[in-house]
Every structure is written in C-alpha cells, then in structure tokens.
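Got a predicted model here, sequence first, then my questions.
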Amino acid sequence: MSIAKILVVEDDAELQEALVDILTINHFDVLAVSSAEEALKALDDEIGMVFSDIRMDGMDGYTLMKRIRAFKPYLPIVLMTAYGTVEQAVEAMKYGAVDYIEKPFEAKVLVEKAQAYFNRDASSEDDFVAADPATIQLKMMAKKVAQSDASVYISGASGTGKEVLARYIHAQSGRARQPFVAINCAAIPENMLEATLFGYEKGSFTGAYKAMPGKFEQAQGGTLFLDEIGEMKADLQAKLLRVLQEREVERIGSTKPLQLDVRVLSASNIDMKSAIREGGFREDLYYRLNVFPMRLPTLKERPKDIAAIAERLIQRHCGLSRVQPMISAPAMKRLLQYGWPGNIRELDNVIQRALLMMTGDTIKESDILLDDGMDITLSLSGESETVVPDNSSDASSEQFSDVESREAETHPREAFVRNDEAEFTETSFFEEALPVDLKAREMQLILQTLKQFSGHRQKTAEALNISPRTLRYKIAKLKEQGVEVP
Ligand SMILES: Nc1ncnc2c1ncn2[C@@H]1O[C@H](COP(=O)(O)OP(=O)(O)OP(=O)(O)O)[C@@H](O)[C@H]1O
C-alpha cells in the first residue's frame, strides 16, 4: 500500500554511494541508478520520490523530469544541480520539479528534502506533524489503530488537529485509496443534517428536487469523519446509532437499505461525559463511537510541536517552488512562549501573517504578530480576511465577518435576514425551523441572498457587505458540506 522507495539518479558513482548511504541511514528505502534511461525503466509504483542529477551523459535530468511528468504528474522530483546551473534548476521547477539542491550540499539538506516530499503524491499524505513526545506517542497509536476498523473518537480543543489526525488514520489504513468524507455536524442546520448524512430520494420532502446520496454512501469503502458529533440532536443520534448497529443506511424516502462498508471516526471539543450526564448525548452511541478514544492535547501541552508545526506551515504556505524562509531564534522564542489559546489554527494564522510581514528570507521577531498583542483581529487564512475591531460594541461598525467569533454572537446580523422566500429550495428547507447556531444562520443568509440575486456572486457579496473572496470561500465550504448552492 505505502509507496516504498526513493529513486536516486546520479552518474557520479561516489556521490551516488554517499546519497544512498545518507538516505538509508535515515530509514529511507533507496534505489539508485546511473542514468536517466535506467531511471525511466526503474520507475514503478513503488517509487515515491526522485532525486536526480541534471547533467548526465545521454538524457539529462531536465528531460528525464519532463518524461516522468507525462505519466506521474505528482511524483516529487528534486533536481540536484552543480553550482552555475541553478538557473536551469529554477527553470526546471516551472516544469514540475518540486525543488532543487545545489551541490555540494550537506547530508542534513538531503534528508530534509526527503522528509518534506517523500510520498507527497500518495493518498497517504502525512500532514500530521508530531515532534513532542506526547504527539509522537499518539501518532504511533493512531498508526496501529488505523490497521483495524475500530471506531475512533477524537477529543480535543478547537484547532488542535482532530481532522488532521482523522485523515492520518484513514491514510494509514487499508482504506487509504478509498474516499475520506468529513462532515461537520455543527455546521449543518439540524433539519438538514439527517438528509446530508443519509441522503434522500427525489420528492421525499419539500426541497428534495433531486435524489442525493448521503455522506455515508459517499464514504462507501472508505472512512466517514463526523466532526463536532456532540452537537447532534437526540433524534438524529438515535438514527445514527441504528445505522451504525445495522451497518446499513436508507435514504430518506427510500425503502431500499444499502449495506455499508464504512469506517466511522468522530470528534468533538465538548466534554462528552458531562453531555451524557446532562442527557445531551446518548451513552450507547458514545460507546459505539468511542471504541478507541484518542485525546489531542492543546498546543500549550505539547510545546515541542510548536517549532516543527510552524516549519510545516511555512512549507505549506510557501508552496513547493520557493526556498523556505527560516525563523530567527528570537522569533521562535516568541512562538514558544505564547499560550496558543486557538491552538494550531492560531499558529497557522500567525505564520501566515509573518510570511506577509517578513522581508528577506528570515522571519524576525517583529514579524510575529500575536492575537493578544494586536488591536485588530486580522486573519489572512481566507477563513477570516476582514478586519474586526477588537471588543467593539458598535454593531454598526462591524462587518459581516468570516470569523466564527464572539463578536458575531453578541451582535447577530438581524438586518441581513430576509424572510421573503416562498419557493421550495434548500433555502426554504432551512427556514422550516430557524437554526439556532450562528453558523447555520450565516449559511441561511448566504443562500437566501444568493437566491435573491439569482446566484449572482458580486451582488450577493455586496448585499452581505463581505468581499467576493470571502463569499467564494464560504460557498466552497457549503459545497464541501454537501449543501446545494444556487
Ligand atoms: N499535527 C499537525 N501538523 C500540521 N498541521 C496541523 C496539525 N494539526 C493541525 N494542523 C493544522 O491546524 C489547523 C486546524 O486543524 P484541524 O482542522 O484538524 O483542527 P480541529 O481540532 O479539527 O479543529 P475544530 O475543532 O475547530 O474542527 C489546520 O490548518 C491543520 O492543517
């Protein structure tokens, strides 16, 4: 299942041997060849990455890369270039090399590149960075439990990486090549969640103008991740329990049960034990979901992860084609000293800000803008691009923000609610019971406004006083959740 080897293409025998030694010592399985022609013959599904020299007799590394790209569009290829051919390497990157190393290079550089890109094109892409002993142990457990079909329940505060861990479990399992379907139970209005989970037949309720498979069906053969499961209402909990017990699902309006082969992972950031005690969550369902419990510590509880995750985030945001900026020691100290109430999601925002602020190739202390030191909340992740005045009590000065924020809770945007819809669409379906949580309200507003302007994005964004980019982001999120957007 997992892609096993790194292919080294190097015609200098001595250097080839050194490369093989370094990679092998660092636990990579390596196959080495001396020419591009041999490399093409050696490339099979077992190869998860290529390091290739550029200047070789016969076919050069540049041509080799183009040839590989024809049948392996995503295979990470790192070109090794001698001094003076850097421009050629940069040019090569435009055609699809993910990176280059300039000779002579240190062993450390080679290993870092291997760690960064190896298996990058596999469906088992590993974004779960673990450097703290607590997380390393958790990751090992996740790898083990991935081999079974046991239901895993992941607890942890918001932004600690519960979805990342769920994806990791899926990627490490025998289901890795099958779909991973995630649904955020809190983001979908209560009356829509059942249909989204189980699917529905055309005409089975007002608004069901065409048949839709549910998330269970979409995850067939793979993994279904039920995020924020604690938000699910009692009647739906009972239905979910039945589906899990019987391992079959019936679309709403259908009498044909569908046998399910779906592994279920779930997560929540609420205290489920007290939810059970208070009657908010069914104990029997909890025990069915919680066959294997995993708890993600807050970022503060795993300080050794901060630097490693920050580096991964830099890689992620710089793309594969840019030399990675470094973090200066004082800047890192600042990251390490901070409390991270928003966990990794907050770290991600801080890194994105720093990348924007920095000049040169190093993130300096002054580039680190922490939320507690800022008088504006400015997130650049696309999740919240608007500037929200901190602690503002002036509702009129606020914008309709992406931030699922406390500000929004204090000042719900009543002015945006337009109850003038009459036709049956997903929108009117939402209106049957006004959703209580703000995410649902936001969704309702967007769908209503889109409908009002016949799906015209620009006009909708203007009416909601949000940027078109924010609207696009929100629409993409809704689509991800299975909501039909006009
Ligand atoms: N171990 C990790 N390594 C690298 N990035 C991570 C890690 N954990 C989380 N992230 C990043 O942090 C962000 C938040 O992660 P994720 O959405 O999985 O958190 P969550 O706990 O599910 O949050 P919520 O409870 O709000 O749904 C994402 O951008 C994710 O890629």
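In hand now; what should we look at?

Name the nearest residue to residue 345, ignoring sequence neighbours.
Residue nearest to residue 345 in three dimensions, not counting chain neighbours: residue 159, with 3.4 Å by Cβ to Cβ, 6 or more residues apart in numbering. Placement of C-beta: from N, CA and C, glycine included.

hang on, the one you found in a strand?
No. Residue 159 is assigned coil when assessed by DSSP: H, G, I helix; E, B strand; the rest coil, not a strand.

That one - how many residues pack around it?
Number of residues near residue 159 (other Cβ atoms under 10 Å) recorded here: 20.

What residues does it make contact with?
Applying Cβ atoms under 8 Å, 6 or more residues apart in numbering, we find residue 159 in contact with 342, 343, 344, 345, 346.

contacts for the host helix or strand of the last one?
To tie it back to what came earlier, the one meant is residue 346. Using DSSP states H and E, residue 346 maps to helix 343-357. Defining contact as Cβ under 8 Å, 6+ apart, one finds that helix 343-357 is touched by 157-161, 298-299, 306, 309-310, 313-314, 317-318, 325, 331, 335, 340, 342, 363, 366-371, 378-381.

dump the residue contacts of whichever residue of the chain sits closest to the ligand.
Sorted by distance to the ligand under Cβ to the nearest ligand atom, the residues of the chain start with residue 161, at 2.4 Å. Taking Cβ under 8 Å, 6+ apart, we find residue 161 in contact with 128, 296, 343, 344.

Measure how buried residue 139 is and give me the count.
Residue 139 has 18 neighbours, counted by other Cβ under 10 Å.

how far out from the middle of the chain is stretch 164-172?
Centre-to-centre, stretch 164-172 and its host chain are 11 Å apart (Cα atoms, centre = their mean, to the nearest Å).

Looks like residue 295 contacts residue 153 (just checking).
No. Residue 295 is beyond contact range of residue 153, at 9.4 Å (criterion: Cβ atoms under 8 Å).

Who has more neighbours out of those two?
More crowded of residue 295 and residue 153, by other Cβ under 10 Å: residue 153, with 23 against 14.

beta partners for that one?
residue 266, residue 293 (DSSP bridges).

what's the distance between it and residue 276?
12 Å (Cβ to Cβ, to the nearest Å).

which residues are common contacts for the two?
Listed contacts common to residue 153 and residue 276 are residue 286; contacts here mean Cβ under 8 Å, 6+ apart.

element containing the spatially most central residue of the chain, please.
The structure's the chain has its C-alpha centroid closest to residue 164; by Cα atoms, centre = their mean the separation is 6.3 Å. Using DSSP H and E, residue 164 sits in helix 162-172.

quick check: mean pLDDT across that helix?
The pLDDT scores in helix 162-172 average 91.

Next SSE downstream of that helix?
Sequence-wise, the next helix or strand downstream of helix 162-172 (DSSP H and E) is strand 180-184.

now the helix or strand that that next one is followed by: how far from the chain's centre is it?
Using DSSP H and E, the helix or strand that follows strand 180-184 in sequence is helix 190-198. How far helix 190-198 lies from its chain's middle: 23 Å, per Cα atoms, centre = their mean.

What helices and strands are in contact with helix 190-198?
Applying 3 or more Cβ pairs under 8 Å, 6 or more residues apart in numbering; DSSP states H and E, we find helix 190-198 packed against helix 215-218, helix 234-246, helix 426-431.

which SS class is residue 32?
Assigned state for residue 32: strand (three-state reduction, three-state DSSP).

From residue 259, how far out is it?
The gap separating residue 32 from residue 259 is 48 Å, by Cβ to Cβ.

more crowded one of those two?
A count of neighbours by other Cβ under 10 Å puts residue 32 above the other of residue 32 and residue 259, at 20 against 9.

Ramachandran angles for the spatially closest residue to that one that is not a sequence neighbour?
Nearest residue to residue 32 in three dimensions, chain neighbours excluded: residue 8, at 4.4 Å (Cβ to Cβ, 6+ apart). When read as degrees, to the nearest 10, the backbone of residue 8 gives phi -110, psi 130.

starting at the chain centroid, how far to stretch 34-41?
Centroid separation between stretch 34-41 and its chain, computed with Cα atoms, centre = their mean, is 36 Å.

Residues contacting it, please?
7, 9-11, 13, 16, 33, 50, 52, 56-61, 63-64, 67-68.

mind listing which of those are in strands?
Residues of the contacts of stretch 34-41 located in strands (DSSP state E): 7, 9, 33, 50, 52.

Enumerate every residue touching the third one.
For residue 33, the contact set (Cβ under 8 Å, 6+ apart) comprises 7, 8, 9, 39, 42.

List, out of those, those positioned next to the ligand.
Among the contacts of residue 33, not one lies near the ligand by Cβ under 6 Å from any ligand atom.

and residue 60, what does it touch?
Shown in contact with residue 60 (Cβ under 8 Å, 6+ apart): 36, 54.

And it, how close does it get to residue 30?
In terms of Cβ to Cβ, residue 60 sits 22 Å off from residue 30.

can you check residue 224 too?
For residue 224, the distance to residue 30 (Cβ to Cβ) stands at 37 Å.

if you count what's nearby, which of those two comes out ahead?
Taking neighbours as other Cβ under 10 Å, residue 224 and residue 30 compare with residue 224 leading, 25 against 20.
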